[in-house]
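Asks: For reference, the sequence and a predicted model appear below.
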Amino acid sequence: MYEEEDMPYIREFLLSRQLCRFLYIGTEKPVYKSGNWFDYNYNLTQNIFSIDEYATYYNEFKDIVSLIIQEHDRKLIQNPETLIFVLAMCAQQHEKENLRRKAYDAVCKVCKSPEHFILFNKFCSLINKHKDCPKKGGNGHGWRNAVKKWYYSKTPMELAKIATEFKSRYGWKHKDIIKLAHIRTTGSDREIVFKYMLFGFKKLKETLPDPNTQSETAEEIMKFFESVEDLKHCKDRIRSAALIDSLNLTLDHVPEHMLKFEEVWNLLVSSMSLSMILKNLQRIHNLGFLKSNGAMTLKVLDSLNPQNVTKEKIHPAVFLITVKNYLNAGKSLSYEKRKIKEQAKKPLPSPPKANKEIVDALYDMLNFSFSHLQATNHRYFIAIDTSRRMIENGCWRNGNVNAFEAGCLIAYSLIRTEKNVTIATFKNSVVESVIINADDHDDLTFLQFMKKLQSKTLENIDVAKLITEAFKKHNHYDVFINLIDKIDDLPEYSEDDIDMYKKKLKLPISNFIRFVNCALSDSSTFRRKFFGENIVYICGFDEKVPYIIEAFAR
């Protein structure tokens, strides 16, 4: 039993784990659901209880804002929305003034990008209006000062680019925020930008003072605004391309009617990061610009190089999802969209076939991208279902990737980075460990690994037997990973089972044994009655899943 004086430390430990779980997987329950975080309504105050506890015991516990900044700097959190939501909750709570002040002070660090800054303000507004909030404080001095500080942390020219590139996000505009914060900048270069945000370019020109009295910065800003407005209404592709080139504009600056011309995309692709090119690959392809030996194709192939992959640290999961979507002419459609497409009187024309050169380059970068993954130095036991249904069932949220491909990618990522990994499957009804020698890592491609792992039989597999066999052999593992397609096939393990395993191996009770249960084709865990502190469930598959597993293992 714990001593009474230890209880505050135990409470802090449990709360910090609960909070970290929310930051990493988007909910305080140990369940990660693939896809858009907003789809699950996690951004509601009633879904996160640890903040109120932290606020109540603020003087006794570790500073929660320091924890937010620490996790932000580690860059392991895949949904930055969770960090911003927790920061907004700290800023809107009414228990501790010091906590609220520190939260507002951290806005410039945690919400550097305009999208994150707008999202912070949206969350503050939603939390402030929530009926369960103890006070209705409105937009107080703390919030107004934080907003003013963020805008003043940017140079006037940076603000001008933000004003034209990110006019609105998440249903909020800079105009809304500036009005609520009552920002006044009379006589400064920033005044021009704020007037542009509030009234638009036409009214800005009418209210400007004599051009002869303007500073050089103000003149530069006005020329920039004039060029951007010119681009908005320009219908000539050559002139539009020239404006984009001279102003170094991004995709968000370009009006929709100009995004059907190859000259415009040629300039945009030249300045895009590889991650952005991968996001827009299908869009460019559907426009018919990725022809064999075409200028655009050569630019895309030139960007698909090891230097860019290493620089941007793109995970293999991103390449797998991209190449499978590209081969299948885009993302898999939802049931509703498929139904509308089938019932349409005039079907849409099929996109051109995938360019083989680009497909080969994507697979090459997929194999290369395993080389920059970071090891956790834990011992892993991976139980994977290799039956027919894993191949036939697509992953939830990424239907073009089947469950077997996703499971193999998770397993191969660990094989390439960790020293101690055991992979178990069935072959002819017998439990078999798949042994990959360390010397074979560099020569074995991902597709060759999948072929090696695939079972010769197509029978159903009982994953529970694989874990039971691992328990019987008394081998020490830190992390157990189950890779199956449906949640029903997962074995029920409790904290007592984990304690029994520790006892057999004579491990200290403080030693963490973790279970990761991946139901790659399932959308929900509602059939699971038990959730343990050291057990996490993952539904579906996206590029964030391998990072969630890594963070949980650490």
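Replies: Perfect, thanks for sending it. Numbering: from 1, shown residues only.
Asks: so where's the stretch 1-150 of the chain uncertain?
Replies: The model of the stretch 1-150 of the chain has pLDDT under 70 over residues 1-14, 45-47, 54-62, 131-138.
Asks: what about the strands in the stretch 451-554 of the chain?
Replies: Counting by DSSP state E, counting those that start in this stretch, the stretch 451-554 of the chain has strands at residues 479-484, 514-519, 535-539.
Asks: just checking, what packs against the last one?
Replies: The criterion is 3 or more C-beta pairs under 8 Å, 6 or more residues apart in numbering; DSSP states H and E, and the helices and strands that strand 535-539 contacts are strand 31-33, strand 514-519, helix 545-553. No exception for glycine: its C-beta is placed from N, CA and C like everyone else's.
Asks: Then the first one?
Replies: Helices and strands touching strand 479-484, as assessed by 3+ C-beta pairs under 8 Å, 6+ apart, comprise strand 379-384, helix 403-417, helix 463-472, strand 514-519.
Asks: Confidence-wise, which of the ones you listed is weakest overall?
Replies: Ranked on mean pLDDT, the bottom entry among these is helix 463-472, at a mean of 66.
Asks: could you pull out the helices for the stretch 251-400 of the chain?
Replies: For the stretch 251-400 of the chain, applying DSSP state H, counting those that start in this stretch gives helices covering 262-271, 274-286, 295-303, 306-312, 316-327, 335-343, 356-368, 388-392.
Asks: ok, for Ala361, nearest residue in space, not its chain neighbours?
Replies: Of all residues not flanking Ala361 in the chain, Leu304 sits nearest, at 4.3 Å (C-beta to C-beta, 6 or more residues apart in numbering).
Asks: Is the one you found in contact with Tyr363, as I believe?
Replies: No - applying C-beta atoms under 8 Å as the test, Leu304 and Tyr363 come out as separate, 10.2 Å apart.
Asks: of those two, who's got more company?
Replies: Leu304 (21 against 16; other C-beta atoms under 10 Å).
Asks: ok now do the more buried one, which residues does it touch?
Replies: Leu274, Ile358, Ala361, Leu362, Asp364, Met365 (C-beta atoms under 8 Å, 6 or more residues apart in numbering).
Asks: can you put the residues you listed in a markdown table and add pLDDT?
Replies: Output for these, formatted as a markdown table (pLDDT from 0 to 100):
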| residue | pLDDT |
| --- | --- |
| Leu274 | 96 |
| Ile358 | 95 |
| Ala361 | 96 |
| Leu362 | 97 |
| Asp364 | 96 |
| Met365 | 97 |
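Asks: Gln307: neighbouring residues, count only.
Replies: 9.
Asks: How much space separates it from Ser270?
Replies: Distance from Gln307 to Ser270, counting by C-beta to C-beta, to the nearest Å: 16 Å.
Asks: where does the stretch 451-554 of the chain have low pLDDT?
Replies: 455-472, 474, 488-499, 501, 506, 508-511, 525-532.
Asks: Okay, and the beta partners of Asn482?
Replies: Ala383, Asn517 (DSSP bridges).
Asks: Next, the buried residues of the strand ranked longest in the chain.
Replies: What stands out as the longest strand in the chain, according to DSSP state E, is strand 420-427. Neighbour counts over strand 420-427 (16 or more other C-beta atoms under 10 Å) mark Val421, Thr422, Ile423, Ala424, Thr425, Phe426 as buried.
Asks: Run a quick neighbour tally on the residue lying closest to His476 once chain neighbours are set aside.
Replies: Of all residues not flanking His476 in the chain, Leu505 sits nearest, at 5.5 Å (C-beta to C-beta, 6+ apart). The burial count assigned to Leu505 is 14, neighbours taken as other C-beta under 10 Å.
Asks: ok so, going back, can the helices and strands packed on strand 535-539 go into TSV with extra columns for mean neighbour count?
Replies: Formatted as TSV, these follow (neighbours: other C-beta atoms under 10 Å):
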stretch	mean neighbour count
strand 31-33	23
strand 514-519	25
helix 545-553	21
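Asks: Is it possible to get the ones you listed out as CSV so that each row also shows distance to Ser413?
Replies: Formatted as CSV, the helices and strands packed on strand 535-539 follow (distance: least, C-beta to C-beta, whole Å):
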stretch, distance to Ser413
strand 31-33, 16
strand 514-519, 13
helix 545-553, 6
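Asks: how does the chain divide into domains?
Replies: The record assigns the chain these domain ranges, following automatic domain parsing: 4-232, 272-364, 373-553.
Asks: Ser246: which of these is closest?
Replies: When those are compared by C-beta to C-beta, domain 4-232 sits nearest Ser246, at 7.5 Å.
Asks: and that closest one, how far out from the chain's middle?
Replies: What separates the centre of domain 4-232 from the centre of its chain is 18 Å, taken as C-alpha atoms, centre = their mean, to the nearest Å.
Asks: Going forward, count from 412.
Replies: With the count now opening at 412, the last piece we talked about shows up as domain 415-643.
Asks: returning to that earlier point: output the contacts of Leu715 in JSON lines; the columns should cover neighbour count and distance to Pro441.
Replies: Output for these, formatted as JSON lines (neighbours: other C-beta atoms under 10 Å; distance: C-beta to C-beta, whole Å):
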{"residue": "Leu685", "neighbour count": "19", "distance to Pro441": "33"}
{"residue": "Ile769", "neighbour count": "20", "distance to Pro441": "39"}
{"residue": "Ala772", "neighbour count": "20", "distance to Pro441": "38"}
{"residue": "Leu773", "neighbour count": "22", "distance to Pro441": "33"}
{"residue": "Asp775", "neighbour count": "16", "distance to Pro441": "37"}
{"residue": "Met776", "neighbour count": "23", "distance to Pro441": "33"}
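Asks: so which of those comes closest to Leu931?
Replies: Leu773 (21.2 Å).
Asks: Count the neighbours of the closest residue to that closest one other than its chain neighbours for me.
Replies: Spatial nearest neighbour of Leu773, excluding adjacent residues (C-beta to C-beta, 6+ apart): Val734 at 4.2 Å. Neighbour count of Val734, defined by other C-beta under 10 Å: 23.
Asks: cool, Lys702 as well?
Replies: Residues near Lys702, counting by other C-beta under 10 Å: 13.
Asks: can you pull the pLDDT of it?
Replies: What the model reports as pLDDT for Lys702 is 90.
Asks: which residue ranges form the helices in the stretch 412-561 of the chain?
Replies: 418-436, 461-467, 475-485, 491-503, 508-516, 518-521, 525-540, 552-563.
Asks: List the buried residues in the last one.
Replies: Neighbour counts over helix 552-563 (16+ other C-beta under 10 Å) mark Gly553, Trp554, Ala557, Val558, Lys559, Trp561, Tyr562 as buried.
Asks: Strands along the stretch 512-661 of the chain, start to end?
Replies: For the stretch 512-661 of the chain, the strands defined by DSSP E, counting those that start in this stretch cover 579-580, 583-584.
Asks: just so I know, which of those strands lies nearest Gly810?
Replies: strand 579-580 (27.9 Å).
Asks: Partner strands of the closest one, with direction?
Replies: strand 583-584 (antiparallel).
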